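S.K.: Provide a 3D model corresponding to the input given below.
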Amino acid sequence: MCPQLSRDKKPNRSNASYLMQYAGLGMQLLAILGITVWLGLKADQWLKLNFPLLAWLLPVLALTGMFIRIFKDTSKKQ
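M.R.: The predicted structure is shown next:
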């Protein structure tokens, strides 16, 4: 009799696969931070703000969104 594969088990992934996944995630994080800081500085200049409010606020919002996404992607679904 052939053993049947369980549908609820995920196939084993290699360490290289995890490394590439998290390296890509790190690159996305750096790119998003760079873009949001640049956009925040440009928006602060356009609005003529003395304090770089948007240069601080946009990256914080982006990081919050990224961490929520990471948490949802890595949490176990039951």
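S.K.: give me the residue at the spatial middle of the protein.
M.R.: The chain has Met66 as the residue nearest its centroid, 3.6 Å off, counting by Cα atoms, centre = their mean.
S.K.: surely it meets Ile32?
M.R.: Yes: the pair Met66 and Ile32 passes the contact test of Cβ atoms under 8 Å, sitting 6.6 Å apart. Placement of C-beta: from N, CA and C, glycine included.
S.K.: where do the contact lists of these two overlap?
M.R.: Contact criterion Cβ atoms under 8 Å, 6 or more residues apart in numbering; residues shared by Met66 and Ile32: none found.
S.K.: does the residue nearest to the centre of the chain lie in a helix or a strand, and which?
M.R.: Using DSSP states H and E, Met66 maps to helix 53-74.
S.K.: using PDB, write out every CA atom in that helix.
M.R.: This file holds the C-alpha atoms of helix 53-74, laid out as PDB (Å, rounded to 0.1, in the frame of the first residue of the first chain):
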ATOM      1  CA  LEU A  53       7.700  65.700  10.000                       C
ATOM      2  CA  LEU A  54       6.900  63.600   7.000                       C
ATOM      3  CA  ALA A  55      10.500  62.400   6.700                       C
ATOM      4  CA  TRP A  56       9.900  60.800  10.100                       C
ATOM      5  CA  LEU A  57       6.200  59.800   9.700                       C
ATOM      6  CA  LEU A  58       6.300  58.100   6.300                       C
ATOM      7  CA  PRO A  59       9.100  55.600   7.200                       C
ATOM      8  CA  VAL A  60       7.400  54.800  10.500                       C
ATOM      9  CA  LEU A  61       4.100  54.000   8.700                       C
ATOM     10  CA  ALA A  62       6.000  51.900   6.100                       C
ATOM     11  CA  LEU A  63       7.800  49.900   8.800                       C
ATOM     12  CA  THR A  64       4.500  49.300  10.700                       C
ATOM     13  CA  GLY A  65       2.900  48.000   7.500                       C
ATOM     14  CA  MET A  66       5.900  45.800   6.700                       C
ATOM     15  CA  PHE A  67       6.000  44.300  10.300                       C
ATOM     16  CA  ILE A  68       2.200  43.600  10.100                       C
ATOM     17  CA  ARG A  69       2.700  41.900   6.800                       C
ATOM     18  CA  ILE A  70       5.700  39.900   8.100                       C
ATOM     19  CA  PHE A  71       3.700  38.900  11.200                       C
ATOM     20  CA  LYS A  72       0.700  37.700   9.100                       C
ATOM     21  CA  ASP A  73       3.000  35.800   6.600                       C
ATOM     22  CA  THR A  74       4.900  34.000   9.300                       C
END
